[in-house]
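Novice: sharing a sequence plus its predicted fold:
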Amino acid sequence: MSFRSGYVALVGRPNAGKSTLLNRLVGEKIAAVSNKPQTTRFKILGVVNQPEGQIVLVDTPGVHKPGYELNRRMMAAVHDALLSVDVVCLIRDASVPTGNGDRFVLELVKQSDKPALLLLNKTDKLADKSKLLPLIESYQREYDWKAIVPISALKGDQVDQLLREMLNSLPEAAPIFSADEFTDQSMRVLVAEIVREKILESTGEEIPYVTAVVTERWEEVRDDFTRIYCAILVERESQKKIIIGRGAQRLKQVGMRARQEIEKMLGHRCHLELFVKVEADWRDQQGLLDEMGIA
């Protein structure tokens, strides 16, 4: 039996479920997940190994109108992924009506002229699955899809069929990554993303867009104990107060929940120290964005 491997881009609007699907397929937590849009800020690779082949998933930021340098870089990551992959997966939230953003993403996929799969996600939110039929018919008129797969990334519905369709769409080739690799992200980046996810979970609507996390120090004290120091960047003093919370309770909760997940990932105990810094206009600072890996 021939072996297939290649790169598969996950593209879609913000909050379509791309990172949830990435984590589900890889079987590891490598991308921050939130119900707030624009959670993913850079391309993240996730490796799925199957007996028949290797799928290298490329999670991309949600397609949106760029404003700051951060957003311009996020959209550049989407365009770069569309140019460099073997297969494109358009992930569409099937539980909401079609909007201008959906049409814009579809145009990007059509312009890429790549083999493409349409993934109608969040089917768990649909009490009547027959409502998918008009959506499927609409998209079938727009592009020659390799397959259209209704899925629930959250519940895991139809993901086995999705993996088969991805593999069938890839070229015959040798593995790109070794069998024990599951992402291209460093532990420093993964830790920062875990902390940022916990901040997103515990704060309101304004904070997600103005917050970044950088792992500034990493000390391997012993084989079974690591000290990690993360800086949380915000743009204004008022945002710093929101993240810290009354009596520093919110920051303590973020740290506790993040540490539990980090220890599970590392396989041993760690000390996680968080501190909040005001860095005005960090979203437009080239050096800081480079440091965060948002190239």
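Specialist: Yep, that arrived. Numbering: from 1, shown residues only.

Novice: what's the burial count for Q185?
Specialist: Here the neighbour count serves as a burial measure; for Q185 (other CB atoms under 10 Å) it reads 19. Backbone N, C-alpha and C define where each C-beta goes, glycine included.

Novice: do the same with T226
Specialist: Neighbour tally, T226, other CB under 10 Å: 20.

Novice: tell me the bridge partners for it.
Specialist: Using DSSP bridges, the bridge partners assigned to T226 are E220, C270.

Novice: so what's it up against?
Specialist: With CB atoms under 8 Å, 6 or more residues apart in numbering as the criterion, the residues that contact T226 are W218, E219, E220, L266, H268, R269, C270, H271.

Novice: look up how far L45 lies from V58.
Specialist: Counting by CB to CB, to the nearest Å, the separation of V58 from L45 is 6 Å.

Novice: how about the most centrally placed residue in the chain, phi and psi?
Specialist: Geometric centre of the chain, nearest residue: S19, 3.5 Å, by CA atoms, centre = their mean. When quoted as degrees, to the nearest 10, the phi and psi of S19 stand at phi -70, psi -40.

Novice: among the contacts of T226, which one lies nearest to F182?
Specialist: L266 (14.5 Å; CB to CB).

Novice: for the closest one, give me phi and psi.
Specialist: Backbone torsions for L266, taken as degrees, to the nearest 10, come to phi -80, psi -30.

Novice: what do you get for N49?
Specialist: phi -100, psi 130.

Novice: again with Q185
Specialist: Here Q185 shows phi and psi, under degrees, to the nearest 10, equal to phi -80, psi 140.

Novice: the chain: helices as residue ranges?
Specialist: In order along the chain, the chain carries the following helices (DSSP state H): 18-26, 69-84, 100-112, 132-140, 159-169, 187-202, 207-210, 237-244, 249-266, 286-291.
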